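[1] sharing a model that was predicted from the sequence below.
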Amino acid sequence: MSVKANPVVVGGFVIGAIALIILSLLVLGSGRFFKDDLRLMAVFPGSVKGLHVGSPVLFRGVNIGSVTKIKLYHNHKTRQSLVPVYIDLKQEVLELINPDAEDAGLSKEQALEFMVEMVKAGLHARLTMESLVSGRQMVEFEIQSGLPIELTGIDKRYMEVPTTESDLNKLQNLLTSLPLTELTKSLVVTVTEINKLFATKDSKTIFDNINGTISGSRVFFDNLNNQVMPLAASMQKSLTSLENLLKKTDTQLSGTLNELLNLSKNLNQQLTILTKSGTQAFNKSEQTFTNIDQIVDQESITRNRLETTLNELSRAAKSFRVFTEYLEQHPEALLKGKKY
């Protein structure tokens, strides 16, 4: 006897399963299914070996997206093959880079305009090694304003990011451009000639001469060392004597400088005393001239007395001269007296 299924139980089980699936997608995808990511396209020069779907896309070491698709495009007219790589950028990373979208977030059009401005500022994409062991590559965005912006335009549906050549491709092109065959032949010829040179008898003579020269040089340097050692010791003694002489000279110069300093002090004291004496003498001279000025003043009593005395002396001298002249004419007057 069969049991009829309960529709409520079946419906609850289905709803629970759907909710569990949605929750798993939210947890595992971190909400990526509700984000409107921005898809870009880049065409890298050379080989994209090592790049695969899911390879990370970095900007200054920060994961900003991943590679979602890799195609091959071949132009029959130009016979040129290109490999467009499609990249999805994380919407939340663009909102973090653009400070104007902190609150409201970026729409798809705003994100596209933001990337256009970044390209104008010099944004380029290039391939770099993700792992040296496995040879896996990844995409790295970098701003190089000095590089030209070259676009292919093979897929107009998505915005194209200009690219630069990877370091690995540069190294491969350099190795390819080297004339390895000619270099190998030249190296073989050089090694062969060197072997021939060492195999001849003259080369043995040359090496013997070189050994003799080296031995002679060793003896010469030994003799030179034996002569340099006594010379160095003599120079050391001379330097010691010179140092002692300089010390004595320094001591004598210090004594002489002290004596000169004392002499300068004594001379300064003597000049001070002499200056004071000169000042006193000038003061006395000034007083003397003041006294003389007072004597010779026309209204001075001393001058009047001096003039009176000089007049009396003049009259006495005149009388004495008359008396002398009279005695010369009448010497007997001393005995007889004057006759009137």
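    Happy to help now that I have it.

[2] when you work out contacts or count neighbours from here on, use the C-alpha atoms and nothing else.
    Will do.

[3] next, count neighbours for Val67.
    Number of residues near Val67 (other CA atoms under 10 Å) recorded here: 22.

[4] swap in Tyr326?
    Tyr326, neighbours per other CA under 10 Å, totals 13.

[5] so what's it up against?
    Not one residue lies near Tyr326 by CA atoms under 8 Å, 6 or more residues apart in numbering.

[6] from Phe320, how far out is it?
    Remark: distance between Tyr326 and Phe320 (CA to CA, to the nearest Å) = 10 Å.

[7] repeat that for Leu271.
    56 Å.

[8] for Tyr158, same thing?
    Counting by CA to CA, the gap from Tyr158 to Phe320 is 155 Å.

[9] so these two - more neighbours on which side?
    Using other CA under 10 Å as the criterion, Tyr158 and Phe320 rank with Tyr158 on top: 16 against 12.

[10] tally up the residues packed near the closest residue to the more buried one other than its chain neighbours, please.
    Leaving aside its sequence neighbours, Tyr158 sits nearest to Leu40 (CA to CA, 6 or more residues apart in numbering; 5.6 Å). Leu40 has 19 neighbours, counted by other CA under 10 Å.

[11] look at Cys85 and report its pLDDT.
    Actually, residue 85 is Val rather than Cys. pLDDT, Val85: 93.

[12] what's the answer for the one 10 residues further on, then?
    With respect to pLDDT, Glu95 has a value of 63.

[13] now swap in Lys318 and tell me
    For Lys318, the model assigns a pLDDT of 80.

[14] then Ser203?
    65.

[15] please apply the same query to Ile301.
    72.

[16] who's in contact with it?
    Taking CA under 8 Å, 6+ apart as the definition, Ile301 has no contacts.

[17] need the contact partners of whichever strand or helix holds Arg39.
    Following DSSP states H and E, one finds Arg39 within strand 38-43. Contacts of strand 38-43 with the rest of the structure, by CA under 8 Å, 6+ apart, involve 82-91, 108, 111-112, 125, 152, 155, 158-163.

[18] Glu140 against Thr128, yeah?
    Yes - contact status for Glu140 versus Thr128: in contact at 6.7 Å, counting by CA atoms under 8 Å.

[19] residues near Thr163, how many?
    So Thr163, with other CA under 10 Å, has 23 neighbours.

[20] could you measure from it over to Leu89?
    16 Å.

[21] what does Glu182 give?
    Relative to Leu89, and taking CA to CA, Glu182 is found at 48 Å.

[22] what's the answer for Asp37, then?
    From Asp37 to Leu89 the distance is 6 Å (CA to CA).

[23] what about Tyr86, which SS state?
    Three-state assignment for Tyr86 (DSSP: H, G, I helix; E, B strand; the rest coil): strand.

[24] can you give me the strands in this structure?
    38-43, 56-59, 62-70, 73-75, 80-82, 84-89, 123-129, 137-143, 159-160 (DSSP state E).

[25] buried residues in the longest one?
    Residues of strand 62-70 classed as buried under the neighbour-count rule (16 or more other CA atoms under 10 Å) are 64-68, 70.

[26] quick one: average pLDDT of it?
    In the prediction, strand 62-70 has an average pLDDT of 91.

[27] list the helices and strands the longest helix seen in the chain packs on?
    Looking across the chain with DSSP state H, the single longest helix is helix 201-296. Here helix 201-296 touches helix 301-329, going by 3 or more CA pairs under 8 Å, 6 or more residues apart in numbering; DSSP states H and E.

[28] quick one, the helix it packs on and helix 201-296 angle?
    Orientation check (axes from the mean of the first three to the mean of the last three CA atoms, to 10 degrees): helix 301-329 against helix 201-296 gives 70 degrees.

[29] next one: helix 301-329 to chain centre, how far?
    107 Å (CA atoms, centre = their mean, to the nearest Å).

[30] output stretch 261-272 as PDB - backbone C-alpha positions only.
    Taking C-alpha atoms only, stretch 261-272 is exported to PDB below (Å, rounded to 0.1, in the frame of the first residue of the first chain):
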ATOM      1  CA  LEU A 261     102.800  89.400  27.500                       C
ATOM      2  CA  ASN A 262     104.400  90.500  30.800                       C
ATOM      3  CA  LEU A 263     106.600  93.100  29.000                       C
ATOM      4  CA  SER A 264     103.400  94.400  27.300                       C
ATOM      5  CA  LYS A 265     101.700  94.600  30.700                       C
ATOM      6  CA  ASN A 266     104.700  96.500  32.200                       C
ATOM      7  CA  LEU A 267     104.900  98.800  29.200                       C
ATOM      8  CA  ASN A 268     101.200  99.500  29.500                       C
ATOM      9  CA  GLN A 269     101.700 100.400  33.200                       C
ATOM     10  CA  GLN A 270     104.700 102.700  32.500                       C
ATOM     11  CA  LEU A 271     102.700 104.400  29.700                       C
ATOM     12  CA  THR A 272      99.800 104.900  32.100                       C
END
